[in-house]
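S.K.: Structure for this input, please:
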Amino acid sequence: MTPIMRAKVGLPKLRIISWNMMQSAPSWAFLLSSSVPDIVLLQEAIKPKDDVCWSVPALNESWRIKGNRKEFCAAIVGLTDRYEARLIEPKMLGEEGAGKLAVSLLGTLSAAEAKTSNHETILLVSAYSTWEYSFPDKKPIFADASAHRLISDLSKLINGRRKLLLIVAGDWNILYGYGENGDEYWKDRYNTVFARMETIGVPFVGPQYPGGTQADPWPSELPRASLNVPTFRTKRNDPSSATRQLDFVFASRELHNRLEVRALNRPEEWGPSDHCRIEINLW
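M.R.: Predicted coordinates:
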């Protein structure tokens, strides 16, 4: 459901971009070449070459998902000084201590708190559901198990907090409202991710049409009533290959009527990654 927007006055309290950068240095140049957001929630991110205000992981730490050979991960990076930030250090499950966050698979979840100009503390999470092989024959690959591990990790942030202002965004590598090629089994599996996020208090908020352009021509597998907006191209330089939405934003209910979530998925705004950017404005 698209959030109801109140009248906008001045700049948003926070200007956020969520984006799978495709492990690409040109993605950093593209991100910093136009209107710069306050904070970016990144997936498949490599370290920036330019100075940034702060980052999780820190620039002197590894940006590698545990077990991967390539250097990329889920990260949060601060690009402006309009707010105060508190970084939350991730630790392997079972090795966390006070003030640190246990993560089932290091590199797939990063978290930080931002204090806005009106002294609200917003907890931000970048999430990346990694693909996994089936057993024993490897196919099909799937990502909903990884998504559920991320939700288990998120649960630690939510428990015990009476008032939690939380935004979670990222590349979940699942589908919303249907399964591949109309498969009901996978539809039901994917639905459990969205239902579980709602149950722990962080429902789905977008992007959904009109917060982005819908696929044209309409994919045969996509239900006609769907408000999904494609965020992924199977061929990076071919706009017609953008048929599936894999990127989603979730937020605590207290923020829903203050959020504007939009997929920047028109051909002229797509960028150098196979994923488009997701714009999240908090008013």
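S.K.: The stretch 101-250 of the chain: helices as residue ranges?
M.R.: Applying DSSP state H, counting those that start in this stretch to the stretch 101-250 of the chain gives helices spanning 144-158, 184-199.
S.K.: Can you give me the buried ones in the first one?
M.R.: I take that to be helix 144-158. Across helix 144-158, burial judged by 16 or more other Cβ atoms under 10 Å covers Asp144, Ser146, Ala147, His148, Arg149, Leu150, Ile151, Asp153, Leu154, Leu157. The C-beta positions use only the backbone N, C-alpha and C, and glycine is treated the same way.
S.K.: possible to save those as JSON lines with pLDDT and distance to Gln23?
M.R.: Shown next, in JSON lines, are the buried residues of helix 144-158 (pLDDT from 0 to 100; distance: Cβ to Cβ, whole Å):
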{"residue": "Asp144", "pLDDT": "96", "distance to Gln23": "23"}
{"residue": "Ser146", "pLDDT": "97", "distance to Gln23": "18"}
{"residue": "Ala147", "pLDDT": "97", "distance to Gln23": "20"}
{"residue": "His148", "pLDDT": "97", "distance to Gln23": "25"}
{"residue": "Arg149", "pLDDT": "97", "distance to Gln23": "22"}
{"residue": "Leu150", "pLDDT": "97", "distance to Gln23": "20"}
{"residue": "Ile151", "pLDDT": "97", "distance to Gln23": "25"}
{"residue": "Asp153", "pLDDT": "94", "distance to Gln23": "23"}
{"residue": "Leu154", "pLDDT": "94", "distance to Gln23": "24"}
{"residue": "Leu157", "pLDDT": "87", "distance to Gln23": "27"}
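S.K.: Out of those, which is nearest to Pro219?
M.R.: For the buried residues of helix 144-158, the closest approach to Pro219 (Cβ to Cβ) belongs to Asp144, at 20.0 Å.
S.K.: Test my guess that that closest one contacts Ser129.
M.R.: Yes: in this structure, Asp144 is within contact of Ser129 by Cβ atoms under 8 Å, at 7.4 Å.
S.K.: Give me the common contacts of these two.
M.R.: With contacts defined as Cβ atoms under 8 Å, 6 or more residues apart in numbering, the residues adjacent to both Asp144 and Ser129 are Ile174.
S.K.: before we move on, the earlier item: may I see the buried residues of helix 144-158 arranged in TSV, with distance to Asn237 as well?
M.R.: Formatted as TSV, the buried residues of helix 144-158 follow (distance: Cβ to Cβ, whole Å):
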residue	distance to Asn237
Asp144	29
Ser146	28
Ala147	28
His148	33
Arg149	33
Leu150	30
Ile151	34
Asp153	35
Leu154	35
Leu157	38
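S.K.: excluding its backbone neighbours, what's nearest the most centrally placed residue in the chain?
M.R.: Residue closest to the average C-alpha location in the chain (Cα atoms, centre = their mean): Gly170, at 1.4 Å. The spatially closest residue to Gly170, leaving aside those adjacent along the chain, is Ala127, at 3.6 Å (Cβ to Cβ, 6 or more residues apart in numbering).
S.K.: That neighbour: what's it in contact with?
M.R.: Gln43, Ala74, Thr108, Leu109, Leu150, Leu154, Val168, Ala169, Gly170, Asp171, Trp172.
S.K.: Okay then, goodbye and thanks.
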